[in-house]
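# missing the sequence, but the structure's below:
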């Protein structure tokens, strides 16, 4: 049975609150909080904090997703994981707010707790679309998921206007209210099918082995994993350090850089929402593979422009490039999700499989911010800030190009995503 646009939106509502938090806390709040606590070498410590949080996000989603696949809860396989994760993340937000005036070690622990509970809920939650949505509506569901992701970024950007490292509580209150409201919408309007009787616990060794998918039977899925990993290496290199790029290369004062970053995130998200729905039409006309590939090339173009701007920094040049980057991200987010649905392994373990897919978004954030932070610190010390950031954004362009080439080897027919 086809789902209404309202129910598709309700199903994606939690993406709104999680992205309001994750897409503002990691790229903006963490760097500013670290800089407030440790004024020396903030890039290095920012990379360490973001990388540590990404390590947690690497492990938790596939495990939580696999456990939810085996749940026999009459109200649905995913529900109790979502409820528990949302409530615990609200408590973690309070701890994170307190940590910003305490010390770097406490900040790291608080951020790790926040990442754990976000992902404890998000791993099972990603299985809702293939659980509930008819295959012929995967494209629409992907568009709503991407659109509400960027609505979340707009809301998070607005909340950033209230943020100061020494007084984070207004922003924390907004995020807690969003968590509760979006969870209520999802729980009221999304009805999971009653699960079958869960299989008996197979034992820890067999459970661990279930995370390996035979290459011969899942080549397309693995190819999408690799290209997603490469793209997110580029995204992490740009987004995590853009607020510091504004300060140290363009010359925007710290507090103004935070506000400008929130403005760019908000304006870019508005454009990305339209791009997300446009991606549904592009997929219908060009195919999902060419749509993903084209968005990767657009991201590479924006990264190259950031590199060129480093030679002669001007804020008037940065703003349009940031908006182009946002539009490309909107198309990529919607089409990449649709591509994942098309190549997802057949079977009942969608929570686990989407958790594995999620790993390729998070894995670059384990190594990327740390290595990028070290590279910027060394190059800035030995040469200059413009050279350091130009070098890093140049590498980001290479990652985007490397992702766009192999994706062209996929041959996905429209009916492939409807016969799952």
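All right, it came through fine. Only a predicted model underlies this, so the values are computations on that prediction, with no experimental measurement involved.
# From now on I want contacts and neighbour counts done on CA atoms only, so please keep to that.
OK.
# tally of neighbours for residue 144?
Neighbour count of residue 144, defined by other Cα atoms under 10 Å: 26.
# same thing with residue 217?
The local packing of residue 217 (other Cα under 10 Å) involves 10 other residues.
# Ramachandran coordinates for it?
The phi and psi values for residue 217, taken as degrees, to the nearest 10, are phi -90, psi -10.
# can you check residue 168 too?
phi -90, psi 0.
# I'd guessed it sits against residue 97; true?
Yes. Counting by Cα atoms under 8 Å, residue 168 touches residue 97, with 5.8 Å between them.
# quick one: residue 149 is in a helix?
Yes. Counting by DSSP: H, G, I helix; E, B strand; the rest coil, residue 149 is found in a helix.
# Offset the numbering so it begins at 29, please.
From this message on, residue numbering opens at 29, which makes the last subject residue 177.
# wait, isn't it in contact with residue 37?
No. With contact defined as Cα under 8 Å, residue 177 does not count as touching residue 37 (10.9 Å).
# So for the two, which sits in the more crowded spot?
With neighbours defined as other Cα under 10 Å, residue 177 and residue 37 compare such that residue 177 has more, 28 against 22.
# Please give me every residue in contact with the more buried one.
Shown in contact with residue 177 (Cα atoms under 8 Å, 6 or more residues apart in numbering): 43-44, 47-48.
# ditto for residue 332
Applying Cα under 8 Å, 6+ apart, the residues near residue 332 are 421-422, 425.
# Now it: which helix or strand?
Secondary structure from DSSP states H and E places residue 332 in helix 316-339.
# Show me how far that helix is from its chain's centre.
For helix 316-339, the gap between its own C-alpha mean and the chain's C-alpha mean amounts to 18 Å (Cα atoms, centre = their mean, to the nearest Å).
# For whichever helix or strand comes after that helix, buried residues please.
Of the helices and strands lying after helix 316-339 in sequence (DSSP H and E), the nearest is helix 343-371. Residues 346, 349-371 are the ones in helix 343-371 that count as buried (16 or more other Cα atoms under 10 Å).
# what's the answer for stretch 34-54, then?
35-54.
# In helices, which of these fall?
35-39, 41-52 (DSSP state H).
# Helices of the stretch 179-328 of the chain, start to end?
197-217, 232-237, 247-267, 270-273, 282-314, 316-339 (DSSP state H, counting those that start in this stretch).
# Nearest to residue 379, out of those helices?
Among the helices of the stretch 179-328 of the chain, helix 232-237 comes nearest to residue 379, with 13.6 Å by Cα to Cα.
# for the closest one, the distance to its chain's centre please.
On Cα atoms, centre = their mean, the centre of helix 232-237 falls 28 Å from the chain's centre.
# Can you list the buried residues in that helix?
Of all the residues in helix 232-237, not one is buried under the rule 16+ other Cα under 10 Å.
# which residues touch that helix?
Counting by Cα under 8 Å, 6+ apart, no residue outside helix 232-237 touches it.
# State the distance from residue 428 to residue 264.
Distance of residue 428 to residue 264, computed by Cα to Cα, to the nearest Å: 11 Å.
# Counting neighbours, go ahead and name the busier of these two.
Higher neighbour count among residue 428 and residue 264: residue 428, with 28 against 22, using other Cα under 10 Å.
# about what we covered before: just the closest of the contacts of residue 177 to residue 238, please.
Distances from residue 238 to the contacts of residue 177, taken by Cα to Cα, are shortest for residue 43, at 27.1 Å.
# Model confidence score at that closest one, please.
At residue 43, the model reports a pLDDT of 90.
# quick one: it and residue 180 touch, right?
Yes. Here residue 43 reaches residue 180: they are 7.2 Å apart, a contact under Cα under 8 Å.
# Dihedrals phi and psi, residue 242?
The phi/psi pair for residue 242 (degrees, to the nearest 10) reads phi -60, psi 130.
# which stretches of the chain aren't confidently modelled?
Scanning the chain for pLDDT under 70 picks out the ranges 375-376, 393-394, 397, 439-448.
# What's the separation between residue 333 and residue 419?
In terms of Cα to Cα, residue 333 sits 12 Å off from residue 419.
# Ignore what I typed, I meant residue 140.
Residue 140 is 29 Å from residue 419, by Cα to Cα.
# repeat for residue 291
Distance from residue 291 to residue 419, by Cα to Cα: 25 Å.
# Pick out whichever of these two has more residues nearby.
Between residue 291 and residue 419, counted using other Cα under 10 Å, the more crowded position is residue 419 (20 against 17).
# can I assume the more buried one is in contact with residue 336?
No. Using Cα under 8 Å as the test, residue 419 is too far from residue 336 to be in contact (10.0 Å).
# so what's residue 150 up against?
Residues counted as contacts of residue 150 (Cα under 8 Å, 6+ apart) are 89, 110.
# Backbone dihedrals for it, please?
Main-chain torsions, residue 150, degrees, to the nearest 10: phi -70, psi -40.
# circling back: tell me which of the helices of the stretch 179-328 of the chain lies nearest to residue 391.
Using Cα to Cα, the nearest of those to residue 391 is helix 247-267, at 7.2 Å.
# Toward the C-terminus, what is the element adjacent to the strand or helix carrying residue 95?
If you go by DSSP H and E, residue 95 is part of helix 70-97. Following helix 70-97 in sequence order, the next helix or strand is helix 107-127 (DSSP H and E).
# do you know how far residue 274 is from residue 342?
The gap separating residue 274 from residue 342 is 10 Å, by Cα to Cα.
# Between the two, which has more neighbouring residues?
A count of neighbours by other Cα under 10 Å puts residue 274 above the other of residue 274 and residue 342, at 22 against 14.
# residues contacting that one?
Contacts for residue 274 (Cα under 8 Å, 6+ apart) come out as 280, 285.
# Against residue 101, how distant is residue 156?
Distance of residue 156 to residue 101, given as Cα to Cα: 15 Å.
# Those two - which one has more neighbours?
Neighbour totals were compared for residue 156 and residue 101, and residue 156 leads with 22 against 16 (other Cα under 10 Å).
# and the closest residue to residue 347 other than its chain neighbours, what does it touch?
Excluding the flanking residues, the one nearest residue 347 by Cα to Cα, 6 or more residues apart in numbering is residue 292, at 7.4 Å. Under the criterion of Cα under 8 Å, 6+ apart, the neighbours of residue 292 are 347, 350-351.
# one more time with 10 Å
Neighbour list for residue 292: 182, 185, 286, 298, 346-348, 350-351, 354 [criterion: Cα atoms under 10 Å, 6 or more residues apart in numbering].
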